[in-house]
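Student: Provided below for reference: sequence and predicted model.
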Amino acid sequence: MASFVAQRVSSQSIDAFDLKLGNLVVHLLCGVLVFVLAGQVLRRLGGSAAGNNWQWVALLAAALWLLAPLHVSTVLYAVQRMAQFSTLFVLAGLVLYISRRESWARETAGAGQIVATSLWLLLILTLAVFSKENGILLLWLIAVIEVTLFRGMWGGRHSKVIHNLGILALAAPALLCILILLLAPEMLLAGYAGREFSLEERLLTQARLLWQYLYWLLVPNINQMGFQHDDIVLSTGLLAPLTTLFSLLAWAALIVAAWLLRIKAPLLLFAVLFYLVGHSMESSLWPLEMVYEHRNYLPSVGIFIAVAYYLSRALAHAAKYVNPAVPVFAVLATCGTLLFLRVHAWAEPVRMNAINVSNHPESPRSHFFMAEALLNRYSAEREAGIAKPEELTPYLVLARHHLELMYKLNPRDVAALVMLYYMDSYHTTKLPGSQDWYGELLALLTTRRLQASDISALETLLDCIIQEYCPASDAQVEALFSTLASRYPDNSNFTLQRYRYLEARGYLSEQRKALLATAEQMQSGNKRIYQTQINAYQQASDTSDVLEATRKWLLHDPKRRDLTEIRRLFRGPVQGGDMAVQGATPDA
């Protein structure tokens, strides 16, 4: 976030190009650190690793990482700058650690050196974690470096104590997760209450996905890549699908083989552990979404270092038959071409989403984003006066088609029902035999585990009703809120949405005031509640209640981080925004 603010201040304006350019700069900086890290790893392994050409091997590793087509969705999606900065700082921390540890392996270290290095690592770790939570993996990756590259070397000789400490540090996080599962499973299981899959299903599915990610890195088939991968089949058991069992057995075999070969082939163990540890937060126990390409940004570093090394060895053996530069150029040219094709697709929203739908026809989200892109183009061309409204109708028809496909693929997605209700109520009103989308939505809400995106979709629905794009009686809206209240009695967000509806309909202020008091009882300290209270009391010229709401807000903000926002409220009430129909997000 700080980088976005700095970019905005420095350029006085910021658009999509500026954001993507900023991400590209961070990507290149990461590439420099990949080169440095690869060089350190290769030099540590000695002459047998890359001979006197370690610089070229390190450069190849960095080039492969920079040109990986899988990273397009990380670099060109602005919000993933958090993943980029986290990777940047983790790589910087590893480079620092190896540089100091190399010296200590030869000449030992004084207390001052250890303390100074630890403080620098702590600073870098803080920056990594503030960028994104998985920056904490810097500590675990240091353990990977210690076990695979240094193996207890200290002051020119092997230290069994340091070696064992390294192994303990490597095993400790995994043991901690196991203990949490055994002793306090509710810490993890609570998060799955809002998911349509279980912890077991997630773990089994991730075993398959880790191989899928690896395949995309090593064999960059861009026809399988995409912004959304919600068409991935869940693993509901070891044999459902059968590849789940094979994936688990293959990982077990690879880890055992890499460990047994750790002396002869330390880089293999380094790559395997770096990859698995790099994925450990987002591809393991935590109740996150199943698949995202950006999760490979850091884990792929170890893979490409190993690929560059083993490719260079193979080419060295074949040097008398072929000039090594030829296959290297062919590999990089292929990666560059595939990268260009993906970037070209991302350059235009409709084109990008059309390709995503083509590559992932069973993905409900791909159809949603295709519909969103078409609606955005319809709005843009209509506002620009490029064509008559009737000439733009094909955009609406095609958008609705993709929304209906989304619904057929996943009838339990709230966004699909909301958007179809909006389309048939406002744009495609003349379609014969339209379904009762609102009725289906009410029925779904009685069983659906609401995701964050579902709540966003329901807010969009309320906007649609308030602005009278979507017809709904007070009784229908009351049925909606009653269903939500019965299933989520402690959710203040739905109470605030109910207040917003009553306000728009002009209901009595006392009735609305009671709702705000109820919301505060549900979630005291929620600044959105106090913001709504202050706006409401200002409109009613109720000075004492305005001051009381402000006092409560400040009690929950001892560091006064919200003062700017509070001052802004006193300059005038916050006005509700226009309906963000195109901004609704499907199940995410």
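Tutor: Yep, it's here. Quick caveat, the model's predicted, so the values are computed rather than measured.
Student: now name the helix or strand holding Y469.
Tutor: Assigned by DSSP states H and E, Y469 falls within no helix or strand.
Student: quick one, phi/psi of it?
Tutor: phi -80, psi -30 (degrees, to the nearest 10).
Student: and it, how many neighbours?
Tutor: The tally of other residues near Y469 (other C-beta atoms under 10 Å) stands at 15. Yep, even glycine has a C-beta here, placed from its N, CA and C like the rest.
Student: lowest-pLDDT helix or strand in the chain?
Tutor: One helix or strand of the chain scores below all others by mean pLDDT, DSSP states H and E: helix 47-50, with a mean of 50.
Student: following the chain past it, name the next helix or strand.
Tutor: As assigned by DSSP H and E, the chain's next helix or strand after helix 47-50 is helix 54-66.
Student: tell me which residues of that next one are tucked away?
Tutor: Neighbour counts over helix 54-66 (16 or more other C-beta atoms under 10 Å) mark 54, 56-66 as buried.
Student: do the same with stretch 550-559
Tutor: For stretch 550-559, by 16+ other C-beta under 10 Å, it's 550, 552-553, 557.
Student: closest one of those to A105?
Tutor: Nearest to A105 among these: D557, at 49.4 Å, using C-beta to C-beta.
Student: give me the three-state assignment for the closest one.
Tutor: Three-state call for D557 (DSSP: H, G, I helix; E, B strand; the rest coil): coil.
Student: so who does the nearest residue to it once chain neighbours are set aside touch?
Tutor: Leaving aside its chain neighbours, D557 sits nearest to K527 (7.4 Å; criterion: C-beta to C-beta, 6 or more residues apart in numbering). Residues counted as contacts of K527 (C-beta atoms under 8 Å, 6 or more residues apart in numbering) are 553, 556-557, 562, 565.
Student: K527 and L555: what is the separation?
Tutor: 11 Å (C-beta to C-beta, to the nearest Å).
Student: now the longest helix seen in the chain: mean pLDDT?
Tutor: Secondary structure of the chain per DSSP state H: the longest helix is helix 16-45. In this model, helix 16-45 carries a mean pLDDT of 94.
Student: that helix vs helix 54-66, what angle?
Tutor: 140 degrees (axes from the mean of the first three to the mean of the last three C-alpha atoms, to 10 degrees).
Student: list the buried ones in helix 16-45?
Tutor: Under 16+ other C-beta under 10 Å, the buried positions of helix 16-45 are 18-20, 22-23, 26-27, 29-31, 33-45.
Student: now A308: phi and psi?
Tutor: With angles defined as degrees, to the nearest 10, A308 sits at phi -60, psi -40.
Student: related to what we said a few turns ago, closest to V397 out of the buried residues of stretch 550-559?
Tutor: Closest to V397, out of all of the buried residues of stretch 550-559 and judged by C-beta to C-beta, is W553, at 47.7 Å.
Student: so who does the closest one touch?
Tutor: For W553, the contacting residues are 527, 530-531, 534, 562, 566, by C-beta under 8 Å, 6+ apart.
Student: ok, Q228 next?
Tutor: Contact analysis of Q228 by C-beta under 8 Å, 6+ apart lists 356, 360, 363, 365-366, 369.
Student: and the residues you listed, which two are the farthest apart?
Tutor: Largest separation among those by C-beta to C-beta: H360 and F369, giving 10.6 Å.
Student: and for L204, the neighbour number?
Tutor: Neighbour number of L204 under other C-beta under 10 Å is 23.
Student: can you give me the strands in this protein?
Tutor: 153-154, 157-158 (DSSP state E).
Student: give the pairing partners of the first one; include direction for each.
Tutor: When you say that, I think you mean strand 153-154. Using DSSP bridges, the strands paired with strand 153-154 in its sheet are strand 157-158 (antiparallel).
Student: which phi and psi does the residue of the chain positioned farthest from its centre have?
Tutor: What lies farthest from the middle of the chain is K320; by C-alpha atoms, centre = their mean that is 46.4 Å. Phi and psi for K320, reported as degrees, to the nearest 10, are phi -80, psi -10.
Student: same check on Y77?
Tutor: phi -100, psi 110.
Student: surely it touches H294?
Tutor: Yes: counting by C-beta atoms under 8 Å, H294 is a contact partner of Y77 at 7.3 Å.
Student: pick out whichever of those two has more residues nearby.
Tutor: Each of Y77 and H294 has its neighbours counted (other C-beta under 10 Å); H294 has more, 21 against 18.
Student: excluding its backbone neighbours, what's nearest that one?
Tutor: T74 (4.1 Å).
Student: surely that neighbour touches A83?
Tutor: Yes: under the criterion of C-beta under 8 Å, T74 makes contact with A83 at 5.9 Å.
Student: overlap in contacts, the two.
Tutor: Joint contacts of T74 and A83 (C-beta under 8 Å, 6+ apart) are 294, 297.
Student: and these two? which has more neighbours close in?
Tutor: Between T74 and A83, counted using other C-beta under 10 Å, the more crowded position is A83 (25 against 22).
Student: got a list of what that one touches?
Tutor: 74, 131-132, 294-295, 297-298.
Student: so how far is G439 from it?
Tutor: From A83 to G439 the distance is 41 Å (C-beta to C-beta).
Student: before we move on, what about E282?
Tutor: Computed as C-beta to C-beta, the E282 to G439 distance reads 38 Å.
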